[in-house]
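**Q** the amino acid sequence is not available; the structure is as follows:
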C-alpha cells in the first residue's frame, strides 16, 4: 500500500495555532464507518454518542515542559535543549540540541541564571546529546519554572497558558507531546459522562517526538514505528474486559489510547491485561482491531501514520471523504484543532 494513498491538500490557514478558550467549544465531526455521510456538531455532543455501559479510555500522560533555553558557560552562546528521555534512576537525559555543532562532550550549559546547569556527557545521532543535570532542590519543580512546552513544529504562536497543552486529567509525567484528543474534555464533561453510566478508565502512553516524524518510505509496509512506553493498571484492565463481556463499546480517546489497548489485546486474543512495556505497533489498513470499537481523535497530518490508523477503523475512503468535508467546512486541524468521532458499530 502506498503512502501517497493517504495524502490530501490542507490549506495552511486551517492549522490551529492557539487553543480555544473553552475546551468543549471545539467542533466535532461524527463519522459512521463505511459511509461518506458525516454529521457536524460541537464537542459536548459526544455525550449523545456515548451509551450507558460503554467505556471511555483516556491517556493520563503528562507533558513535560521539556524545552529549555540556556547559554554555553564558556562563550555565552544560546543553546536550546529538548529533554527526550531520562536514564533510569539518574540525572542524565537523552536530549536534542540546537545548534548541536556548538555542543561537544564536556560542554556546560546553564539555565535560569545558574538555577540549573547541565554537562554534555555524550554525542548521539541527529543532534542528540546526553546531558547530566546539576541543581539544588527538586528537578521537576525547577523544570516547571524554567521550561517551555515542546509544541509541535507546525505551531508557531507562543502558548500563553502551559495548562492548555495538558489534559485536565494529566497525571503521569513523561510525554514529549500531548495526547491531543483529550484536550477537549473538561472535568464537568467527564462528570456528565460518568453520570450517564459510561465507565471512564485511564491508561498511560508517553508520547515521543517520533509521532511528528514524517513517513519517509514509499510503501507503508516498509515504515518502522518509534517505540513508546505504556502502562495499564489492573483496575483499567478489569473495567475494559467487564464492559466488553457485557456488550458495551470501548471508545478510545486518541490514537495513543488506541495503540496501547491494541498492543496488549492483540497478544491475548482480545483480552486487555495489566502490564507495562514499550510499543512500536503500526496500525494501517488490513489490521483487525481486538479491543477498540470507537475513537475520538483530532485531525492529523497528510500521509501520517495517524491518518493510516484512523483509516483502518473507518476505511480509507470514509476518512479521506470526511477530511475533505472538514476542509470545506473550515474545521481547525492538528493539536489545537477540532475533533472527529468514529462511531462504533452497534
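**A** Now that the structure is in, tell me what you want to look at. All values reported here derive from a predicted model rather than from experimental measurement.
**Q** the helices in the stretch 201-346 of the chain, which residues?
**A** Per DSSP state H, counting those that start in this stretch, the stretch 201-346 of the chain carries helices over the ranges 234-245, 255-265, 305-314, 316-328.
**Q** can I see the domain layout of the protein?
**A** Using automatic domain parsing, the domain parsing of the chain gives 3-63+161-342, 67-146.
**Q** distance to residue 153, mean pLDDT and mean neighbour count added to those domains, as CSV?
**A** Any C-beta I mention is one placed from the backbone N, CA and C, and that applies to glycine too. Converted to CSV, those look like this (distance: least, CB to CB, whole Å; pLDDT from 0 to 100; neighbours: other CB atoms under 10 Å):
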stretch, distance to residue 153, mean pLDDT, mean neighbour count
domain 3-63+161-342, 6, 96, 19
domain 67-146, 12, 94, 15
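**Q** relative to residue 154, which of those is closest?
**A** domain 3-63+161-342 (5.5 Å; CB to CB).
**Q** OK, contacts around residue 264?
**A** The contact partners of residue 264, taken as CB atoms under 8 Å, 6 or more residues apart in numbering, are 232, 237, 272-273, 275, 291.
**Q** make sure residue 3 is actually in contact with residue 222.
**A** No - the pair residue 3 / residue 222 is not scored as a contact, 9.3 Å apart, by CB atoms under 8 Å.
**Q** sorry, back to before: show me the one of the domains of the chain that comes nearest residue 152.
**A** Nearest of the domains of the chain (CB to CB): domain 3-63+161-342, 5.5 Å.
**Q** can you check the distance spanned by the closest one, start to finish?
**A** Start-to-end span of domain 3-63+161-342 (CA to CA, to the nearest Å) is 22 Å.
**Q** separation between the residue positioned nearest the centre of the chain and residue 169?
**A** Centroid-nearest residue in the chain, with CA atoms, centre = their mean: residue 179, separated by 3.0 Å. According to CB to CB, to the nearest Å, residue 179 stands 10 Å off from residue 169.
**Q** can you check residue 186 too?
**A** Distance from residue 186 to residue 169, counting by CB to CB: 10 Å.
**Q** check residue 28 too.
**A** Taking CB to CB, one finds residue 28 at 19 Å from residue 169.
**Q** same question for residue 274.
**A** Distance, residue 274 to residue 169, using CB to CB: 19 Å.
**Q** ditto for residue 202
**A** Between residue 202 and residue 169 the distance, using CB to CB, works out to 7 Å.
**Q** again, but for residue 99
**A** Going from residue 99 to residue 169 by CB to CB gives 37 Å.
**Q** list of residues touching stretch 67-74?
**A** Taking CB under 8 Å, 6+ apart as the rule, stretch 67-74 contacts 77-83, 102-103, 107-111, 116-118, 143, 146-150.
**Q** tell me which of those fall in helices.
**A** 143, 146 (DSSP state H).
**Q** now, the contacts of stretch 67-74 that are in strands?
**A** 78-83, 108-111, 116-118 (DSSP state E).
**Q** with distance to residue 33 as extra columns, can I get the helices of the stretch 201-346 of the chain in JSON lines?
**A** What follows is these, written out as JSON lines (distance: least, CB to CB, whole Å):
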{"stretch": "helix 234-245", "distance to residue 33": "18"}
{"stretch": "helix 255-265", "distance to residue 33": "14"}
{"stretch": "helix 305-314", "distance to residue 33": "4"}
{"stretch": "helix 316-328", "distance to residue 33": "6"}
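**Q** skipping adjacent residues, who's closest to residue 162 in space?
**A** Counting by CB to CB, 6 or more residues apart in numbering, residue 162 lies nearest to residue 149, which is 5.6 Å off, once chain neighbours are set aside.
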